[in-house]
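# Sequence first, predicted coordinates after that:
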Amino acid sequence: MRITRRNARPRGLPRAPQQEAPAPPGPPRPDHYFAPLVAPALYIYPASLSLSPHCLVSRRGLKKSLPLDRDALLDIKDHLKDPQNYLHNWDDSHSPCQFYGVACDPNSGDVMGISLSNISLSGTISSSFSLLKQLRTLELGANSITGTVPAALSKCTNLQVLNLSINSLTGQLPDLSALVKLEVLDLSTNGFTGAFPVWATKLDGLTELGLGENNFDEGDIPESIGDLKNLTWLFLGQSGVFPKEISKLKNLWKIELYQNNLTGEIPRELATLTLLSEFDVSRNQLTGILPEEIAGLKKLKIFHIYHNNFSGEFPGSYSSCKTLQRFRISQNQFSGTIPGGMWGLPNAVIIDVADNGFIGGVSSDIGFSTTLNQLYVQNNNFFGELPVELGMLSQLQKLVAYNNRFSGQIPKQIASLKQLTYLHLEHNALEGQIPSDLGMCNSLVDLNLAENSLTGAIPDTLASLFTLNSLNLSHNMISDEIPESLQLLKLSYIDFSHNELSGPVPPQLLMIAGDDAFADNAGLCVAKNSEGWRQRVNLRPCQWTDSRHVFSIRRIFLVLGMMICLVILLSGLACLSYENYKLEEFNRKKDIESGDGADSKWILHSFHPPELDPEEVCNLAGENLIGCGGTGKVYRVELSKGRGTVAVKELWKCDDAKTLKTEINTLGKMRHRNILKLNAFLTGGASNFLVYEYVVNGNLYDAIHREYKAGQPELDWDKRYRIAVGAAKGIMYLHHDCSPAIIHRDIKSTNILLGKEYEAKLADFGIAKLVEGSQLSCFAGTHGYMAPEVF
């Protein structure tokens, strides 16, 4: 199973100047390697630079080399598919030095650099690269190229940079040890198989080596890795004992050996790598006690050792690592107390010590970690009071401390955390009342205070948490009535069970939750005239003669009056929305009727084949309508001449055409088997259409509820497992492989589409904010689920 790259990897080489020649329309060009080729005056530039037609190129050199190089480059183009037409000028009418992504020696005219990263290429790698004898840089990373690496590539003996990362290449790697001038070799995030390429350890000029996230045979990292004395970045994926030989690589600043099967202990000799800044060995099977010597690394910023089997007390010497930014040691077997200085890391963004056996408390030093964004201490044996200094962490978004033994009251200072979205303090021994000031945490999405010893009433100030999606106060000793104002919140989950609450259950909360959410509260009751009363058999009816309940009736009438006003307001807005909808329908029909298929009327931006005719896309019939949602209507369109079927989404009105085009161009770059492919964007007048690939099995929601004959479900457990894995891969791509990262905000079963083989494809990402009226100041998406990435 192929695993996509988790983090973008810095290249360590500066960005080249921008290209002077015109480029085809498309997404912004990526950063590339920039490698010195002929010292001291000659440099090879990547795709973002092509030589000017007026540059001084020797006529003799051109006559000798350009025809041969042109033939090789045209054969390379024949092996590639270029849906965005970046290679449009790779033809006989142009000099190879004018080809997009190609750079030449200004004296001889030889092709010395090819940089075509991240431009949606597919196809295979041609062996004609071997004909480019002076080639110094070859970059094809972040595309969808398949097939194998040709052995003939080893003839490019002048190569200094070879980047084929983040593709779909397979098979065994050929021996490229003849490329003795290589400085950068990145073959990571593909599907290579066979034995680990030991030949790579013979390339002693390497400064960057990336071979991780492939499917090589299991085995030890070779000892000869220690011969690469010039390495600054190392990314591998193997098994066996952690190699001590890595400590010989004195220039290393980044080690990535995560998600492997490494065993044994971390060698103390790593402390000699004084330039080390990022160290990630998470998700392995490493054991033993953490070496104290590593704490002496003065440039260490990222320290990830989570999900291993380390044990013993955590060394106090690490509290001197004031440069640490991401400190993650969770899911190990550490014990004892956390050294006091570890809580007060001045540059920390994440402190994660969860799922260990730590005791003691959270030190007041936590107030010095003013840049802290996430704090995870759950599933330990911490005790004592939560420090009031937590209120000083103005950038804190997540505070997770459940399943410990914290006592005392919830610090009211937490109310000053305006960016806090996720507060989990359940399963502790907290007591006292819920601070009314919590209502000032106006970014809260998930609040869980269950399984404590909290008393008093539920503060009605919680009704001001308009972004709150989940509220759990169960298993406490909370008393008095449930504030009716909580009905104003758009909650999708609520649990008030096992408390000492009394009085009527607000009807809207009853509709959201059901009996179980209010169980074990002897004083709670339900009004007989409440909607759904007959189904609430586990709650007793309210006795309205009770004076306190009479007072509750008055409050209910007040709320009902407010709701009637709200209904009137919403009705007016609905009428206005309908009028706008009819106007948009009129404008679209007018655009279609007056366009006559003219290119001057309709503008088509294609990202992927097939070729499209604007008249076909715009000819939308009501009987072909297959869906309608918050961003537009979706139609099925059969293309002529047997070119297949596409799905066309007609967007609601968008006034900002420039923003729309920019966002759609970004979406058009998405390339992943679990992301619904955007083929084209068509715009004309006030009408905008998105053309997607058509998936034959509909969406996950429908598939779950459909049945075959004889009552058998359409989705067996194997298909459901593969759909879940595919959806997770799609989300991982949006979060970690897109720059900037894309947040879906509305993941639900109807937005997971199913291809011919029931492969999952995420749909409707990045669209909601494009249509009129969707620029919201709070979280958007389907009520009932809030994606974890927004916490």
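That came in fine, so what should we check first? Residues are numbered from 1 along each chain as shown.
# Report the residue spans of the stretch 1-150 of the chain with pLDDT below the cut-off.
Low-confidence segments of the stretch 1-150 of the chain, defined by pLDDT under 70: 1-66.
# what ranges do the strands span in it?
Counting by DSSP state E, counting those that start in this stretch, the stretch 1-150 of the chain has strands at residues 35-38, 42-44, 80-81, 102-104, 111-115, 122-123, 137-139, 144-145.
# Could you export those as TSV, including distance to residue 480 and mean neighbour count?
From N, CA and C alone the C-beta is placed, and that goes for glycine too. TSV is the format used below for the strands of the stretch 1-150 of the chain (distance: least, C-beta to C-beta, whole Å; neighbours: other C-beta atoms under 10 Å):
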stretch	distance to residue 480	mean neighbour count
strand 35-38	71	17
strand 42-44	75	19
strand 80-81	68	18
strand 102-104	75	26
strand 111-115	68	27
strand 122-123	64	16
strand 137-139	67	25
strand 144-145	61	20
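# Determine which of the ones you listed approaches residue 527 most closely.
The closest of those to residue 527 is strand 144-145. By C-beta to C-beta, the value is 60.1 Å.
# In the sheet, which strands lie alongside that closest one, parallel or antiparallel?
Partner strands for strand 144-145, per DSSP bridges, with pairing direction: strand 122-123 (parallel).
# which residues sit against the partner strand?
With contact meaning C-beta atoms under 8 Å, 6 or more residues apart in numbering, strand 122-123 is reached by 79, 80, 81, 83, 143, 144, 145, 146, 147.
# switch to 6 Å and redo it
Here strand 122-123 makes contact (C-beta atoms under 6 Å, 6 or more residues apart in numbering) with 79, 80, 81, 144.
# what sits against residue 426?
Residue 426 touches 402, 448, 450, 451, counting by C-beta under 6 Å, 6+ apart.
# hang on, it in a strand?
No. Checked against DSSP: H, G, I helix; E, B strand; the rest coil, residue 426 lies outside a strand; its state is coil.
# what's the distance between it and residue 695?
According to C-beta to C-beta, to the nearest Å, residue 426 stands 40 Å off from residue 695.
# ok, and what's touching stretch 375-388?
In contact with stretch 375-388 (C-beta under 6 Å, 6+ apart) are residues 351-356, 358-359, 361-362, 364, 366, 399-406, 408, 411, 413.
# related to what we said a few turns ago, so which of the contacts of residue 426 is the most crowded?
Neighbour tally across the contacts of residue 426 (other C-beta atoms under 10 Å): the maximum, 23 neighbours, falls on residue 450.
# And the protein, split by domain according to the record?
Domain ranges of the chain: 1-263, 427-542, 596-790, per automatic domain parsing.
# Pairing partners for the residue nearest to residue 690 when sequence neighbours are not counted in the sheet, please.
Nearest residue to residue 690, sequence neighbours excluded (C-beta to C-beta, 6 or more residues apart in numbering): residue 649, at 4.4 Å. Taking DSSP bridges as the rule, residue 649 bridges to residue 634, residue 690.
# For residue 649, which residues are in contact?
Shown in contact with residue 649 (C-beta under 6 Å, 6+ apart): 632, 634, 690.
# go with 7 Å
Residues counted as contacts of residue 649 (C-beta atoms under 7 Å, 6 or more residues apart in numbering) are 632, 634, 689, 690, 692.
# could you check the distance from it over to residue 358?
Distance from residue 649 to residue 358, counting by C-beta to C-beta: 51 Å.
# Over to residue 248?
Counting by C-beta to C-beta, the gap between residue 248 and residue 358 amounts to 35 Å.
# Neighbour count for the two, which is higher?
residue 358 (22 against 18).
# Tell me the secondary structure of the nearest residue to residue 224 once chain neighbours are set aside, please.
Spatial nearest neighbour of residue 224, excluding adjacent residues (C-beta to C-beta, 6+ apart): residue 201 at 3.9 Å. Classification of residue 201 by three-state DSSP places it in helix.
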